[in-house]
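show me how the following folds:
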Amino acid sequence: MEVEKLSLASQIEYQTAAVVSKSLLAKKTGNITLFAFDKGERLSAHTAPFDAFVHILDGKVEVTISGNEYELHSGEIIIMPANEPHALLAIEPFKMVLTMVKSE
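Predicted coordinates for the structure are as follows:
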């Protein structure tokens, strides 16, 4: 396996009126994905069967989990529990790392 040092925020770029994603790691036990959302872009409410760790790299986002809203800024994290409805809205352009942890 090749080991590489990365600056996460520089690994993905914003695109106008779009959500961009880039997979960094995909394993049976979980995934790590980078996302870049332009201002106003959203991910509508949905559930996932896995816990998800969200780390904001840049910008500002509103995360809604089970009807509760959280405003996150660069450097902050939140955990979205498995099977709980969650949604994201870009208050301003933002980048995040999403780490999905799969249970047995």
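
residue 9 belongs to a strand?
No - assignment of residue 9 by DSSP: H, G, I helix; E, B strand; the rest coil gives helix, placing it outside any strand.

state the distance from the residue nearest to it when sequence neighbours are not counted to residue 75.
Taking CB to CB, 6 or more residues apart in numbering, and ignoring the residues beside it in sequence, residue 9 has residue 57 as its nearest neighbour in space, at 4.4 Å. Any C-beta I mention is one placed from the backbone N, CA and C, and that applies to glycine too. As for residue 57, its distance to residue 75 is 8 Å (criterion: CB to CB, to the nearest Å).

pLDDT below threshold where in this structure?
Counting by pLDDT under 70, the ranges of the chain that qualify are 1, 104.

try it again with 90
1-7, 28-29, 102-104 (pLDDT under 90).

returning to what we had before: looking at residue 57 and residue 75, which is more packed in?
When residue 57 and residue 75 are compared for neighbours, residue 57 comes out ahead with 19 against 9, by other CB atoms under 10 Å.

which residues touch that one?
With contacts defined as CB atoms under 8 Å, 6 or more residues apart in numbering, the neighbours of residue 57 are 8-9, 34, 74, 94-97.

so how do I select the buried members of these in PyMOL?
Buried residues within the contacts of residue 57, by 16 or more other CB atoms under 10 Å, are selected in PyMOL with:
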select buried, resi 8+9+34+94+95+96+97
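
any idea which of the contacts of residue 57 is closest to residue 47?
Distances from residue 47 to these, taken as CB to CB, are shortest for residue 96 (18.5 Å).

could you say which helix or strand holds that closest one?
Under DSSP states H and E, the secondary-structure element containing residue 96 is strand 94-101.

for that strand, packing partners?
Applying 3 or more CB pairs under 8 Å, 6 or more residues apart in numbering; DSSP states H and E, we find strand 94-101 packed against strand 30-37, strand 51-58, strand 60-65.
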